[in-house]
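# got a predicted structure plus its sequence, pasted below:
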Amino acid sequence: MSYNAILLKKRPDTRITPDVFEKVTQSMPELAEGEFLVKQTHMSLDPAMRGWMSADRESYIPPVELGDVMRSSGIGDVVASRHPDFPVGTRVMGMMGWTEYFVAKGGLSPVPVTVPQEALLSVVALPGVTAYHGLYEVLKPEAGQTLVVTGAAGSVGSMVGQLAKLEGVRVVGVAGSDEKCQWLTETLGFDAAINYKDPDFAAQLAAATPDGIDLFFENTGGAAQQHIYHRMNAHGRVAVCGMIADYNTATPLPGPNWMNIVRKRLMIQGFTMPDHYHRFAEYGQKLAEHLMAGQLKYRAHTLHGLDSAIEGINLLFSGENQGKLIVEL
């Protein structure tokens, strides 16, 4: 018996082209004592993958080595086991990669079979814990403050905004289409949402933040950044989670001048979640409670089949995905 996997063949220049990857067929392995075999059912596609494909060895996580299975998180079911803690039938979540089957000795977390896989990947997995840490540990929201979140219709941004609303914060989302903005306000309950592509974006932002901006959750960089930065209030806080606008560019756009950091006494902190693995279970439990209580909504954009990841990952950078990008295997 065999299965398919996709390897990283070469490093992308700007756009991720199909020749970056190589699909291979591998033989089903024999399990050693203490190992278990997972049939992956759902695979997560995330913007961070673009950085994992680069040759940068000074980043927060080592790059995927050429010839290795492309890194990703996912959900699957244990179909064979020689591990006492992971019997056949256990559903697990964690880093497995672009592969139909995965052999593990541990490192994966059991998850309830009663929660849909799409909900787990959209809320409880990496997007949710990223949103939770960035909001509560970096921005430290207080009722009555104003938060602006970029990439607001994405898997992280949508969670940030909903969690902030639970704390009594005024939430303004920035997204790349009118449809996404409508979803943010009408379905997720954001106070306002602005399309950064609108020529009068700056005026709309000012109207939506009459008392200035206290908290800024940055996911994208790009044209909106400077306008948001210049509306920050004194002692404002900025959590820098991602810069997706620059992931596929040869030269990053210049950032705002630092003078405003001094004038407004701003706190700006970048963060990545590998620093906080020890808190994933804690964050996941809190997110699951909100989800079960109906306090967090999500939408998933599901592709089908392992091969769909090769072209599908670019939906993240074109903004064409409508929700958390997932591959169903």
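Yes, it's here.
# pull out the buried residues from stretch 204-223.
For stretch 204-223, the neighbour count (16 or more other CB atoms under 10 Å) marks 204-205, 208-209, 213-222 as buried. For every residue, glycine as well, the C-beta is placed using N, CA and C.
# in the residues you listed, find the pair that's most separated.
Asp214 and Gly222 (21.5 Å; CB to CB).
# is the spatially closest residue to Val327 that is not a sequence neighbour bridged to anything, and to what?
Leaving aside its chain neighbours, Val327 sits nearest to Met43 (4.3 Å; criterion: CB to CB, 6 or more residues apart in numbering). Met43 has the following beta-bridge partners by DSSP bridges: Gly74, Val327.
# confidence score at Met43?
On the pLDDT scale, Met43 is placed at 96.
# from memory it sits against Ala309, does it?
Yes - at 6.7 Å, Met43 counts as touching Ala309 under the criterion of CB atoms under 8 Å.
# pLDDT score for Tyr60?
Per-residue pLDDT puts Tyr60 at 78.
# next one: Asn248
Per-residue pLDDT puts Asn248 at 69.
# could you pull out the helices for the stretch 151-300 of the chain?
Assigned by DSSP state H, counting those that start in this stretch, the stretch 151-300 of the chain shows helices spanning 155-166, 178-186, 201-208, 224-229, 259-264, 280-292.
# tabulate those (CSV), appending distance to Ser318.
Below are the helices of the stretch 151-300 of the chain laid out as CSV (distance: least, CB to CB, whole Å):
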stretch, distance to Ser318
helix 155-166, 16
helix 178-186, 13
helix 201-208, 19
helix 224-229, 17
helix 259-264, 31
helix 280-292, 28
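# for Val148, which of the ones you listed is the nearest?
It's helix 224-229; of these, that one is closest to Val148 (CB to CB) at 5.2 Å.
# which strands and helices sit next to that closest one?
Packing partners of helix 224-229 (3 or more CB pairs under 8 Å, 6 or more residues apart in numbering; DSSP states H and E): strand 146-150, helix 201-208, strand 213-218.
# got TSV for the ones you listed, with mean pLDDT and distance to Ala234 too?
Shown next, in TSV, are these (pLDDT from 0 to 100; distance: least, CB to CB, whole Å):
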stretch	mean pLDDT	distance to Ala234
strand 146-150	98	13
helix 201-208	98	17
strand 213-218	98	9
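# so which of these is nearest Phe190?
The closest of the helices and strands packed on helix 224-229 to Phe190 is strand 146-150. By CB to CB, the value is 8.6 Å.
# and the pLDDT at the spatially most central residue of the chain?
Residue closest to the mean C-alpha point of the chain, counted by CA atoms, centre = their mean, is Pro127 at 4.0 Å. Pro127 carries a pLDDT value of 89.
# tell me which other helices or strands whichever strand or helix holds it touches.
In the assignment (DSSP states H and E), Pro127 maps to helix 126-133. Under the contact definition 3+ CB pairs under 8 Å, 6+ apart, helix 126-133 sits against helix 155-166, helix 280-292.
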